[in-house]
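S.K.: the following block contains a protein sequence and its predicted model.
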Amino acid sequence: MRLILVGPPGAGKGTQAVQLASHFSIPHISTGDIFRLNIKGETKLGLHAKSFMDAGNLVPDSVTNDMVADRLTHPDAKNGFLLDGYPRNIGQADFLKENLEKSGTPLDAVLEFKLENAEIIKRLAGRRACRGCGATSHVIFEAPKVAGVCDSCGGELYQRPDDAENVIANRLAVYSEQTEPIINYYKSEGLLKSISAVGEVSEIAARAIAALK
Ligand code: AMP
């Protein structure tokens, strides 16, 4: 299965990606996670990406496309993959299409998560990430047992700089201007499946799997 998840920030793509990757036995490739790992490791790529990410803007395609193309050559992606957070504009979608056509491995499906803006803002503003394992929680909807401490690994929870309220507005604008057009792009290719991102994690996962059958 070669699958793409698309949807606004805060729609729960990352959470669902973990479930779907395990269901289909394919690697979960999140460009946001790769960038954050590079920032943590203070690599050249991380240093370059950080200013764009902190402002809620897209990291330039020249960097992002090569990074994804390289990741797709890893052996674990040979029999499929789940891309979470990529492509995020038409240029990236074109690049990916060309890349996959060259290897004769076209996409199987694009799954869109739909969510209202008011709900997105509520989710993002309360979201916390773990510095240790990267797991996410929410101060109200998914509160950790001990405030500020990750339930999974005991690591410190923090607010991603791009989840700060002033940055959220820009991320939503970037999504509607640059990323939303890829929904029609994939619709016209007959690859698009859309589901509601409202409900319990298990409920949405079941919806996603049913949509992909
Ligand atoms: P995410 O974790 O998917 O919300 O991504 C966090 C941030 O990483 C985004 O706001 C962008 O700054 C950057 N990023 C992730 N994926 C991409 C992409 N495909 N193209 C450009 N920037 C990206």
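M.R.: Looks like it arrived, so ask away.
S.K.: which SSE is the residue of the chain at minimum distance from the ligand in?
M.R.: Residue nearest to the ligand within the chain (C-beta to the nearest ligand atom): G32, separated by 2.1 Å. Backbone N, C-alpha and C define where each C-beta goes, glycine included. In this structure, G32 sits in helix 31-40 according to DSSP states H and E.
S.K.: so the residue of the chain closest to the ligand versus I209, what's the distance?
M.R.: 23 Å (C-beta to C-beta, to the nearest Å).
S.K.: before we move on, what about H23?
M.R.: According to C-beta to C-beta, H23 and I209 sit 6 Å apart.
S.K.: and if you look at L115?
M.R.: In this view, L115 and I209 are 19 Å apart by C-beta to C-beta.
S.K.: show me where this structure has helices.
M.R.: Along the chain, counting by DSSP state H, helices occupy 13-24, 31-40, 44-54, 61-71, 90-102, 117-125, 165-174, 181-188, 201-211.
S.K.: nearest to Q159, of these?
M.R.: When those are compared by C-beta to C-beta, helix 117-125 sits nearest Q159, at 8.8 Å.
S.K.: now stretch 32-43: buried residues?
M.R.: Residues of stretch 32-43 classed as buried: G32, I34, F35, R36, N38, I39 (neighbour count, 16 or more other C-beta atoms under 10 Å).
S.K.: closest to V167 out of the residues you listed?
M.R.: Distance to V167 across these (C-beta to C-beta) is lowest for G32, with 13.6 Å.
S.K.: and the gap between that closest one and D84?
M.R.: Taken as C-beta to C-beta, the spacing of G32 relative to D84 amounts to 8 Å.
S.K.: list the residues that contact both of these two?
M.R.: Jointly contacting G32 and D84 under the rule C-beta atoms under 8 Å, 6 or more residues apart in numbering are G14.
S.K.: pretty sure R88 contacts L58?
M.R.: Yes: at 5.8 Å, R88 and L58 qualify as touching, with contact defined as C-beta atoms under 8 Å.
S.K.: joint contacts of these two?
M.R.: Taking C-beta under 8 Å, 6+ apart as the criterion, R88 and L58 both touch T64, Q178.
S.K.: now the residue of the chain positioned farthest from its centre: how far from G155?
M.R.: Computed with C-alpha atoms, centre = their mean, the residue of the chain farthest from its C-alpha average is V146, at 26.8 Å. Distance, V146 to G155, using C-beta to C-beta: 12 Å.
S.K.: enumerate the residues of this protein near the ligand.
M.R.: 9, 31-32, 35, 52-53, 56-59, 64, 85-86, 88, 92, 162, 171 (C-beta under 6 Å from any ligand atom).
S.K.: quick one, grab the pLDDT at E165.
M.R.: Predicted confidence (pLDDT) for E165: 87.
S.K.: give the contact list for it.
M.R.: Counted by C-beta under 8 Å, 6+ apart, E165 has contacts A125.
S.K.: hang on, P27 packs against D84?
M.R.: No: with contact defined as C-beta under 8 Å, P27 does not count as touching D84 (10.5 Å).
S.K.: contact partners of stretch 97-112?
M.R.: In contact with stretch 97-112 (C-beta under 8 Å, 6+ apart) are residues 1-7, 20, 69, 72, 80, 96, 183, 186, 191-195, 208, 211-212.
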